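J.: could you work out the structure for the sequence below:
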Amino acid sequence: MEDGFELEFAEVAGLRPCRLPLGSCVDVRFERVVPVRSFRWTRGEPGFPGWWWFATTGELVGYESWLERDRLALLDYDPRVVGWPRSRSGCAGGPWPGGEVHAGQGNTQLVDVLLWEGETETALAAAERGGCDRGAWLRLARARAATYPAASIPILVREIDLARSGASDRRAYGAVARLVRELGTWHQRAGTDDAYRTYALRLRQEHRNRPAFQDELNLAGVPRL
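T.: Residues are numbered from 1 along each chain as shown. Here you go, the predicted model:
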């Protein structure tokens, strides 16, 4: 490929790996493909490899350090987790655009790579089909907001509502206020300024007893009661 990524993987051990464009791999369950390498068990080497019974998938999963084991244990209790990759994989076509993302976040990793490639609508299809975490949904909405502001607004509203429900200090209030200001920009693009004002005023009314939050909303230029 001149640009972007291709993925090479084998779904059955012993068969020749297949190589496909990233956008064609939306339905591939990568936690089920053949590992690119085996786990190392050399005596005297640093690290503490072993096996963890991953109840989410009902199988043993290898780890190469106690840090990985602890992460496995925590993820096994997370209801959003649906799987775990058997081993680290490689990609061709350019540098990886971000850090490791667990398979349990649905298609988060795929969505991020597609966004990095500029394949916004393919990323949307991947998110809708396999799900992704909150951060990826927000990045996806921002990527589409310039062209499809009305369709992106509900995603940002959901993020605002989730963020403000857990906000308890000025830093968190400021982050929420900036999201509300961003929402106003999207409503302006969509020609729905009245809807934005209604939402902003309702938000202020619901948090009228939080003066610090009101101050941050004022600093962000959010409409006042």
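J.: other residues contacting the longest helix seen in the chain?
T.: For the chain, the longest helix by residue count, based on DSSP state H, is helix 170-190. Identification of contacts with helix 170-190 by C-beta atoms under 8 Å, 6 or more residues apart in numbering yields 145-146, 149-150, 152-153, 156-157, 159-160, 163-164, 166-167, 193, 195-196, 199-200, 203, 210, 212-213, 215-217, 219-222. All C-beta atoms are positioned from the backbone trio N, CA, C, and that covers glycine.
J.: domain-wise, how is this structure divided?
T.: 1-130, 146-225 (automatic domain parsing).
J.: and of the ones you listed, who's closest to R139?
T.: Checking the domains of the chain against R139 by C-beta to C-beta gives domain 1-130 as the closest, at 6.0 Å.
J.: count of neighbours near T185?
T.: 13 (other C-beta atoms under 10 Å).
J.: and for the one 4 residues further on?
T.: The local packing of R189 (other C-beta under 10 Å) involves 16 other residues.
J.: from the chain's centre, how far out does stretch 116-134 sit?
T.: 9 Å (C-alpha atoms, centre = their mean, to the nearest Å).
J.: avg pLDDT for it?
T.: Taken as a whole, stretch 116-134 has a mean pLDDT of 86.
J.: what do you get for stretch 141-149?
T.: On average, stretch 141-149 scores 92.
J.: same deal with stretch 75-89?
T.: 61.
J.: quick one, phi/psi of V61?
T.: phi -120, psi 130 (degrees, to the nearest 10).
J.: now for the residue nearest to it when sequence neighbours are not counted: which residues touch it?
T.: Closest residue to V61 apart from its sequence neighbours, by C-beta to C-beta, 6 or more residues apart in numbering: F54 at 4.4 Å. When contacts are counted by C-beta under 8 Å, 6+ apart, F54 touches L60, V61, L72, D76, W84.
J.: which of those sits closest to V33?
T.: W84 (12.3 Å).
J.: what's around the closest residue to R210 other than its chain neighbours, how many residues?
T.: Spatially, and ignoring its direct neighbours in sequence, R210 is nearest to Y173 (7.4 Å; C-beta to C-beta, 6+ apart). By other C-beta under 10 Å, the residues close to Y173 number 23.
J.: and the pLDDT at Y173?
T.: On pLDDT, Y173 comes in at 92.
J.: what about A172, neighbour count?
T.: 16.
J.: I'd like to know how far it sits from R204.
T.: Separation of A172 from R204 (C-beta to C-beta, to the nearest Å) stands at 17 Å.
J.: next: D76.
T.: 41 Å.
J.: go on, V176?
T.: For V176 relative to R204 (C-beta to C-beta), the value is 12 Å.
J.: the more surrounded of those two?
T.: V176 (25 against 19).
J.: tell me where the protein has strands.
T.: Using DSSP state E, the strands of the chain run over 6-9, 18-21, 50-54, 59-63.
J.: could I get those as CSV with distance to T185 and mean pLDDT?
T.: Listed next are those as CSV, based on distance: least, C-beta to C-beta, whole Å; pLDDT from 0 to 100:
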stretch, distance to T185, mean pLDDT
strand 6-9, 36, 74
strand 18-21, 34, 78
strand 50-54, 43, 77
strand 59-63, 44, 75
